[in-house]
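Asker: got a sequence here, can you model it:
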Amino acid sequence: MQTANPNKTLKLRCLAIDDEPFALKLIADDISKVPFLELMATCSSPFEAQEHLKTSSIDLLFLDIQMPTMTGLEFLRSLENPPMVILTTAYEKYALEGFDLSVVDYLMKPIPFYRFKKAVDKAHELFILKRSDKNSTERPSFFVRAEYKEIKVYLDDVLYVEGLKDYVKIFLQSQPRPILTRLNLKAMETKLPMEQFCRIHNSFIVSMSRIESFQKSQVFLGQKSIPIGEKYATDFLKKYKAGT
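Answerer: Residues are numbered from 1 along each chain as shown. Coordinates of the predicted model:
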């Protein structure tokens, strides 16, 4: 007798944002046809959606781009730890920018149902993958969007992270070339356990276990020296001494 896969019954809690009532109704109708989707709310503006995101756990966001006052892309950039996002729009020109923001998919209006289903299947698979990874006894890891795909990064492989405005470079022990992803350091801090990592500068987060030595104004990871910012020095020293 076969045992049912519990992952297949996992529902994605969805929030849809669009300033056009008819477009919201179409998205809601499509969501209702997919067993693993659960519509939590529809919103006519990003400001209304902000309140839902503060009080509700949302797994998947259907987000229109062209809206008055604040566009969907501006709203997405404002979120510190966004859920998975599927963009819905009548304009092709935002596709590259959307994928730079690590969206799951980019749907062109009017959206055929087969295309909608393909996008949410992708989101569901990613949701299951992340959940399984979180619950497994394998090496702890996280995902980032780079090179138009989701890349798994193992925590114990990370040497340090360098911030470059809206991008970060993740330097790894296992490869010479860093991973470049569209995040800022504040967002990276949510992915890294701060008992193992420390922000030591406006532009750098380092793995504490990789530090071989330090001076007053810099740490050394092998031959690589990284500056210690003055405002981070006290916290770094406290954490370093606690771990030795």
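Asker: which parts of the helix or strand that contains residue 14 are buried?
Answerer: If you go by DSSP states H and E, residue 14 is part of strand 12-17. Within strand 12-17, the residues that count as buried by 16 or more other C-beta atoms under 10 Å are 12, 14, 15, 16, 17. Placement of C-beta: from N, CA and C, glycine included.
Asker: what sits up against that strand?
Answerer: The contact list for strand 12-17, computed with C-beta atoms under 8 Å, 6 or more residues apart in numbering, reads 24, 27-28, 31, 36-46, 48-49, 52-53, 56-64, 67, 72, 75, 83-84, 120, 123-124, 127.
Asker: alpha carbons of that strand, as CSV, please.
Answerer: Extracted C-alpha coordinates of strand 12-17, given in CSV (Å, rounded to 0.1, in the frame of the first residue of the first chain):
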residue,chain,number,x,y,z
LEU,A,12,0.5,27.9,-0.7
ARG,A,13,-1.1,30.9,1.1
CYS,A,14,-1.6,33.5,-1.6
LEU,A,15,-2.1,37.2,-1.8
ALA,A,16,-3.1,39.0,-5.0
ILE,A,17,-2.4,42.7,-5.7
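Asker: report the angle between the axes of the helix or strand following it and strand 12-17?
Answerer: Following strand 12-17 in sequence order, the next helix or strand is helix 21-32 (DSSP H and E). Helix 21-32 runs at 170 degrees relative to strand 12-17, counting by axes from the mean of the first three to the mean of the last three C-alpha atoms, to 10 degrees.
Asker: re the thing from before, partner strands of the strand holding residue 14, parallel or antiparallel?
Answerer: Sheet pairing for strand 12-17, assigned by DSSP bridges, gives strand 37-43 (parallel), strand 60-64 (parallel).
Asker: tabulate those (TSV), appending mean pLDDT and mean neighbour count.
Answerer: What follows is the strands paired with strand 12-17, written out as TSV (pLDDT from 0 to 100; neighbours: other C-beta atoms under 10 Å):
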stretch	mean pLDDT	mean neighbour count
strand 37-43	95	18
strand 60-64	96	26
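Asker: now render those as CSV, adding distance to residue 227.
Answerer: As requested, these are exported to CSV (distance: least, C-beta to C-beta, whole Å):
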stretch, distance to residue 227
strand 37-43, 43
strand 60-64, 37
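Asker: nearest to residue 109, out of those?
Answerer: strand 60-64 (8.6 Å; C-beta to C-beta).
Asker: distance from the chain centre to the closest one, please.
Answerer: Strand 60-64 sits 14 Å away from the centroid of its parent chain (C-alpha atoms, centre = their mean, to the nearest Å).
Asker: domain-wise, how is this structure divided?
Answerer: Residue ranges for the domains of the chain, per automatic domain parsing: 6-135, 141-243.
Asker: what segments of this structure are helices?
Answerer: 21-32, 46-55, 72-78, 95-100, 113-135, 185-191, 233-243 (DSSP state H).
Asker: just checking, what packs against the longest one?
Answerer: Using 3 or more C-beta pairs under 8 Å, 6 or more residues apart in numbering; DSSP states H and E as the contact criterion, the neighbours of helix 113-135 among helices and strands are strand 12-17, strand 60-64, strand 84-89, strand 105-108, strand 141-146.
Asker: now the ones you listed as TSV including distance to residue 198?
Answerer: Formatted as TSV, these follow (distance: least, C-beta to C-beta, whole Å):
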stretch	distance to residue 198
strand 12-17	34
strand 60-64	32
strand 84-89	29
strand 105-108	36
strand 141-146	17
